[in-house]
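# with the input below, show me the fold.
(4 chains)
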Protein chains: 2
Amino acid sequence: MIENVILFQIDLTSKLAKSYSQQEFDRIGLDITVEQWILLKIVEESEGLSQRELASKSNRDPASITRTLDLLEKKNMIQRELIPGNRRQYRIILAEEGKKFIKIHMPLIEKHRKNSIKGLTDKEIQLLHDMLKKIQNNMK
Amino acid sequence: MIENVILFQIDLTSKLAKSYSQQEFDRIGLDITVEQWILLKIVEESEGLSQRELASKSNRDPASITRTLDLLEKKNMIQRELIPGNRRQYRIILAEEGKKFIKIHMPLIEKHRKNSIKGLTDKEIQLLHDMLKKIQNNMK
DNA sequence: TTATTATTATTGCAATATCAATAATTGATA
DNA sequence: TATCAATTATTGATATTGCAATAATAATAA
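Numbering: from 1, shown residues only, chains lettered A, B, ... in the order given. Below you'll find the predicted structure:
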C-alpha cells in the first residue's frame, strides 16, 4: 500500500504543513502565502543573494522566483538592489515592510514550528534531519 | 536558519522527490505526472472510493481531484462509475489502460522507491515513518 | 410532505510550477 | 580585441493547486 511508502508520507506531511500554515496565516489576516513567507525568510537570513541562488536554496524554478519576488516587491517586502559593475544580477534584500512583517510575526511562526515537532526529542529531530538529508542525496 | 527547521527539510525532500520522479517518468516517455500516478495508484489499491475520499487520502483539494480524474479518464486510466440511487457521487475505479500502466511500470517505481531510501535500515525507516505520523498529527 | 441543512462534485480565479525562448550581460578563447 | 560561449533574469505558454462560490443532490427536521 502506498501509505507505507516513505516518500508518500513525506509528501503528505509537506502538504499538511503547507495548508496548516496557510490557514494560520489567513486566520490572523496575513496577506501572504507560505511560499512567499519562506522566500522572505531566506532573504532575511541571507541578504544579498541572487535570484538564482534563492531558487537553488528553496528548490524552486528561477522563473517562479522572479514572479514571487515581483509580488513581494509590490508589497514593499523585498528590494532588488543594483550591483555596481554587474548589470546581470541583483542583490535581493529586505525592505521596510519585510522587516516589520518578520519582526511582528516571527513569534507565531516559532510557536507553530515548535508545535509541529511536539512529542519528539531533540535527538529524534536530529536523526530525522539526517535521514531526510540522506534521502535527498539519494535523489540527486 | 530555516535550513534547520524540520518542516523546511520535509518540504525540500518532497520537492526533490517530485522533480526526480517526474524526470524519470519523462525520460522513459511516460505521459503522466507524479500526482496523476499517485492518484492512479490509490485508486488501484482502494477501488470504489468517492472523489472526496480520494482527496482526503491524498491530502489534496477535491477540486484538484476532479481535474486530475478528468485527465486520467481521458486517457482511459480510470472510470467514474455511477452508483444506483446516488447521483451525487461516483465510485472511482481503474479502467483498462490504468491496469496496464501499473502492471508495466510498477517495477521501475519500486526500484525508484528502494533507491530513495538507500543507506537507511528497516528500523530507521520505521522510525522515520512514526515520526512523520506524529508530526502530521500535531498539525491536525 | 415541505423546508432547511449538509454533502458532493464542479467551475472560476489567483498563485505557483515548469519548460522553452529571449535579451542582456559577462566570461573565456582565439 | 573580437568572437563565441555561458550565465542571469525575464517573459510567454500551459498545467496544476487551493480556496471560494455554485449547482445539484441527499439527508434531516418541521
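
# stretch A:3-23 and DNA strand C in contact?
No - on the criterion C-beta under 7 Å from any atom of the strand, stretch A:3-23 is out of touch with DNA strand C, staying 9.8 Å away. Where you see a C-beta, it was placed from the backbone N, CA and C, and this is true even at glycine.

# same question for that stretch, mean pLDDT?
In this model, stretch A:3-23 has an average pLDDT of 96.

# state the helix or strand in which the closest residue in space to A:P62 that isn't next to it in sequence lies.
Of all residues not flanking A:P62 in the chain, A:A55 sits nearest, at 4.4 Å (C-beta to C-beta, 6 or more residues apart in numbering or on different chains). According to DSSP states H and E, A:A55 maps onto helix A:51-58.

# tell me which other helices or strands that helix touches.
Counting contacts by 3 or more C-beta pairs under 8 Å, 6 or more residues apart in numbering or on different chains; DSSP states H and E, helix A:51-58 packs against helix A:34-45, helix A:62-74, strand A:86-94.

# 6 Å instead, please
helix A:62-74 (3 or more C-beta pairs under 6 Å, 6 or more residues apart in numbering or on different chains; DSSP states H and E).

# what's the following helix or strand after the helix it packs on?
strand A:78-83.

# quick check: residues of chain A near DNA strand D?
Within chain A, the positions adjacent to DNA strand D are A:15, A:19, A:22-23, A:26, A:50-53, A:62-63, A:66-67, A:69-70, A:80, A:88-90 by C-beta under 7 Å from any atom of the strand.

# whichever of those residues end up buried, select them in PyMOL.
Selecting only the buried entries of those in PyMOL, with 16 or more other C-beta atoms under 10 Å in any protein chain shown as the criterion:
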select buried, chain A and resi 15+22+50+51+53+69+90
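
# hmm, stretch A:14-22 in reach of chain B?
Yes - residues of stretch A:14-22 are located near chain B by C-beta under 6 Å from any C-beta of the partner chain, namely A:14-17, A:20.

# for A:N76, which non-adjacent residue is closest in space?
A:E97 (4.2 Å).

# what sits up against the helix holding A:A55?
Residues from elsewhere that reach helix A:51-58 (C-beta atoms under 6 Å, 6 or more residues apart in numbering or on different chains): A:42, A:62, A:65.

# 8 Å instead?
A:38-39, A:42-43, A:46, A:49, A:61-62, A:64-66, A:69, A:89-90, A:92 (C-beta atoms under 8 Å, 6 or more residues apart in numbering or on different chains).

# what's the angle from that helix to helix A:34-45?
Angle between the axes of helix A:51-58 and helix A:34-45 is 110 degrees (criterion: axes from the mean of the first three to the mean of the last three C-alpha atoms, to 10 degrees).

# flag every residue of chain A that's near DNA strand C.
A:33, A:35-36, A:60-61, A:63-64, A:67-68, A:71, A:85-88.

# let's see it at 10 Å
A:18, A:22, A:31-39, A:55, A:58-72, A:74-75, A:83-89 (C-beta under 10 Å from any atom of the strand).

# what separation do you get for A:L69 and A:G98?
11 Å (C-beta to C-beta, to the nearest Å).

# who touches both of those two?
A:I78.

# read off the pLDDT value for the spatially most central residue of chain A.
Centroid-nearest residue in chain A: A:I38, 2.1 Å away (criterion: C-alpha atoms, centre = their mean). Note on A:I38: pLDDT of 97.

# thank you kindly, that will do.
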